[in-house]
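Visitor: sequence and computational prediction follow.
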Amino acid sequence: MNTICIVEDDEVLREELCTLVRNAGYAAEVLTDLAHPEQLFQVQADLILLDINLPGTNGELLLRELRRKTDIPVIMVTSRTSEVDEVLSMSYGADDYITKPYNPTILLLRISAVLKRTRRAEQRTAYRHLQVDPAKGSLTDGEQAWILTKNEMIIFQLLLDRQGEIVTRDALMTALWDNEEFVNDNALSVNVSRLRTKLAEAGCADAIETRKKQGYILL
Amino acid sequence: MSVSGYVKDRGGVYLLFGMAVGFLVLFMRLSGMQTTMICFSAGLPVLVMVGAEIWEYRRRSRFYRRVLRSLTELDRKYLLPELLETPDFCEGRLLCDVLRETDRSMYEHVAAYRNSAAEFREFIELWVHEIKLPVSSLLLMAHHDGTELNGKIREQLRRIDGYTDTVLYFARAENAEKDYLIKPVSLKRIVSDVAVRCREDLLLHGVGFRTEGLDLQVMTDGKWLAFMLGQLLANSLRYTAEGREAVITVSGEKAADRTVLHFRDNGIGIPPQDLPNIFARSFTGENGRIHAKSTGMGLYIVKNLCDRLGHGISVTSVQGEYTEFCITFADHDFYRF
């Protein structure tokens, strides 16, 4: 399980962020004593969510200090909406940048993307007897290959990453839109059912289960 | 300063001088002086007087001419006193002193307003950043339990967020020069960011979203462009037409010296008589009155931002069919420093 360290001075928001990442299957750690930001350098986490506006210090400066010591992935979180902040943060070595108020699903997507990119979370490439090749967009069982469309691949990957958990339609939709696939509710249902058909052809007939009003589970 | 004006001004002096010379001539004549002596005695003061007046006129007119020339050449007239050379006659010096004094007082006055405006702006920015904290918290709270009610709450929260953004950008638009960063930006990235952010609203209103040919780079400030597109999108959602599937199409077009971003919806359109005014401040038009509450600020701010960023914006619309906004980005090397 990956640990996310949350550095945020607003107490309510901090608690909500903790709940969000815990619900998404991460462990959350908070840094409450912001008077001693040096603590940040000893944090044993897989990713830091760092607020830019901190009392007595500045997230960008902290980030610069942090980068001298470690290459732990950092996502900058801020309510500032200036392009300058973004460029500064990125040049100081942030892995991503997100502005408040963020869409929670997008925040989770970004966290998982950064973790994958920095190889702190394993990228799952196998499902039952099938090998998944996201680059080719295909599933193979060693002999035969099934080609998935871009949309189907995005859906399948998200379900696979969270196998055994409910993935909401909202999360799937956000992931699709985040990849410039602006589909509507109907299209999502159609994509899921096509994915089901292909999985059934590949010998996994009961792979995706629908949970009414909640979402889908990959078994 | 014209010669006739100067002579008219000095008329009293000339009159007195003429009378004095006249008396002198009369007195000399009565005392039986020779005519040549009289001519000489009266002519000398007249010559001296004329010479002195010419000299006086030239030095004054030189000064005032310079003042007037500076005034016409100056873009900001109030800077005039900075350019004045102190003249060598007392009226001129007085004028300089007066101008400098009024100028200084005006500067103080303007500085006081500027400070209070800047303070107010800072406060607004701070406030907007602070209000985002509770909005973020509420969004997260509403996310944890995805019931229908929470979906509605999220929609309202996004509206609050949208309105606070308008405040922020309006407060900033005044001194945008300090606040923007022009760099190459991918249209695709910005448009899809906006789409993702507004996804729930689009789906809620049943509005489709399509993009075409956005693999283009433009020179702009990404944040401001995203904000502008968000405003256009909010408008399109507000004015969808009944009876057909609503769809928003965003497309890019590359011309020789510019890139054009088309933002088109198939909504109710804009009445032709309202078209010329839609970018005006506080203009609500027929649509704003009939269909939805409108502050008339959204498009005004968008236009304002486009002007400041050096982009062109235009609108075409057929009532009942579509509305299309075009944002034009120049491809000048001018930006590439």
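Guide: All right, it came through fine.
Visitor: where does A:Ile217 sit: helix, strand or coil?
Guide: For A:Ile217, the reduced secondary structure class is strand; criterion used: DSSP: H, G, I helix; E, B strand; the rest coil.
Visitor: I misspoke; the intended subject was B:Arg121.
Guide: Of the three states, B:Arg121 takes helix under three-state DSSP.
Visitor: does it really touch B:Ala171, like I thought?
Guide: Yes. Checked against Cβ atoms under 8 Å, the pair B:Arg121 and B:Ala171 is within contact range at 4.9 Å. In this view, the C-beta of every residue, glycine as well, is placed from N, C-alpha and C.
Visitor: comparing these two, which residue is more hemmed in?
Guide: For the pair B:Arg121 and B:Ala171, the greater number of neighbours falls to B:Ala171 (19 against 15), based on other Cβ atoms under 10 Å in any protein chain shown.
Visitor: which residues touch that one?
Guide: Applying Cβ atoms under 8 Å, 6 or more residues apart in numbering or on different chains, one finds that B:Ala171 lies in contact with B:Arg121, B:Ile124, B:Glu125, B:Val128.
Visitor: switch the cut-off to 7 Å
Guide: For B:Ala171, the contact set (Cβ atoms under 7 Å, 6 or more residues apart in numbering or on different chains) comprises B:Arg121, B:Ile124, B:Glu125.
Visitor: among the residues you listed, find me the one that's closest to chain A.
Guide: Chain A lies nearest to B:Glu125 out of the contacts of B:Ala171, by Cβ to the nearest Cβ, at 9.1 Å.
Visitor: so what's the residue count around that closest one?
Guide: As a burial measure, B:Glu125 scores 18 neighbours (other Cβ under 10 Å).
Visitor: with A:Leu63 instead?
Guide: Neighbours of A:Leu63 under the rule other Cβ under 10 Å: 20.
Visitor: same question, A:Thr168
Guide: Neighbour count for A:Thr168, taken as other Cβ under 10 Å: 16.
Visitor: could you check the pLDDT of it?
Guide: The model reports A:Thr168 with a pLDDT of 87.
Visitor: and what of A:Leu61?
Guide: Looking at A:Leu61, its pLDDT reads 82.
Visitor: can you confirm it is in a helix?
Guide: Yes. A:Leu61 forms part of a helix when assessed by three-state DSSP.
Visitor: between the contacts of B:Ala171, which sits nearest A:Asp133?
Guide: Ranked by distance to A:Asp133 (Cβ to Cβ), these are led by B:Glu125 at 48.3 Å.
Visitor: which ones are touching the closest one?
Guide: B:Glu125 sits next to B:Leu168, B:Ala171 when contact means Cβ under 7 Å, 6+ apart.
Visitor: host element of it?
Guide: Assigned by DSSP states H and E, B:Glu125 belongs to helix B:90-144.
Visitor: quick check: residues of the stretch 51-200 of chain B near chain A?
Guide: With Cβ under 7 Å from any Cβ of the partner chain as the criterion, the stretch 51-200 of chain B comes near chain A at residues B:129, B:132-133, B:135-137, B:139-141, B:143-144, B:146, B:161, B:168, B:179-181, B:188, B:192, B:195-197, B:199.
Visitor: let's see 6 Å
Guide: Where the stretch 51-200 of chain B comes near chain A, counting by Cβ under 6 Å from any Cβ of the partner chain, the residues are B:129, B:132-133, B:135-137, B:139-141, B:143-144, B:161, B:181, B:192, B:195-196, B:199.
Visitor: how is the chain carved up into domains?
Guide: Went with chain A since none was named. Residue ranges for the domains of chain A, per automatic domain parsing: A:3-117, A:126-218.
Visitor: not what I meant, chain B
Guide: According to automatic domain parsing, the domains of chain B span B:3-105, B:181-335.
Visitor: and the ones you listed as TSV, adding mean pLDDT and mean neighbour count?
Guide: Supplementary listing: the domains of chain B in TSV, determined by pLDDT from 0 to 100; neighbours: other Cβ atoms under 10 Å in any protein chain shown:
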stretch	mean pLDDT	mean neighbour count
domain B:3-105	89	12
domain B:181-335	86	18
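Visitor: which one of these lies nearest to A:Asp96?
Guide: For A:Asp96, the closest of the domains of chain B is domain B:181-335, at 12.7 Å, according to Cβ to Cβ.
Visitor: what sits closest to A:Leu158 if chain neighbours are left out?
Guide: Of all residues not flanking A:Leu158 in the chain, A:Ala175 sits nearest, at 5.1 Å (Cβ to Cβ, 6 or more residues apart in numbering or on different chains).
Visitor: just to check, B:Val194 is in contact with B:Leu225?
Guide: No. Contact between B:Val194 and B:Leu225 fails when scored by Cβ atoms under 6 Å: they sit 8.8 Å apart.
Visitor: any idea of the pLDDT on B:Arg336?
Guide: The predicted local confidence for B:Arg336 comes out at a pLDDT of 51.
Visitor: how about the helices in the stretch 201-337 of chain B?
Guide: B:222-238, B:285-290, B:298-309 (DSSP state H, counting those that start in this stretch).
Visitor: any idea which of the ones you listed gets closest to B:Gly12?
Guide: When the helices of the stretch 201-337 of chain B are ranked by proximity to B:Gly12, the top entry is helix B:298-309, at 56.6 Å, counting by Cβ to Cβ.
Visitor: counting by contacts, list what the closest one packs against.
Guide: Under the contact criterion of 3 or more Cβ pairs under 6 Å, 6 or more residues apart in numbering or on different chains; DSSP states H and E, the helices and strands touching helix B:298-309 comprise helix B:148-173, helix B:222-238.
Visitor: tell me the angle of that helix relative to helix B:148-173?
Guide: What separates the directions of helix B:298-309 and helix B:148-173 is an angle of 40 degrees, with axes from the mean of the first three to the mean of the last three Cα atoms, to 10 degrees.
Visitor: so what touches helix B:298-309?
Guide: Residues from elsewhere that reach helix B:298-309, judged by Cβ atoms under 6 Å, 6 or more residues apart in numbering or on different chains: B:Tyr169, B:Phe170, B:Ala173, B:Ala176, B:Thr220, B:Trp224, B:Met228, B:Gln231, B:Ile278, B:Phe279, B:Arg281, B:Ile313.
Visitor: so B:Tyr6 makes contact with B:Arg58?
Guide: No. With contact defined as Cβ under 6 Å, B:Tyr6 does not reach B:Arg58; the gap is 10.1 Å.
Visitor: centre of the chain to the helix or strand B:Asp193 falls within, how far?
Guide: B:Asp193 is part of helix B:187-197, with elements assigned from DSSP H and E. Mean C-alpha position of helix B:187-197 versus that of the full chain (Cα atoms, centre = their mean, to the nearest Å) differs by 29 Å.
Visitor: quick one: contacts of that helix?
Guide: Surrounding helix B:187-197, the residues in contact under the criterion Cβ under 6 Å, 6+ apart are A:177-178, A:180, A:182, B:209, B:211, B:214-216, B:222, B:225-226, B:229-230, B:250, B:252.
Visitor: do the same with stretch B:14-22
Guide: Outside of stretch B:14-22, the residues within contact range by Cβ under 6 Å, 6+ apart are B:Ala42, B:Met49.
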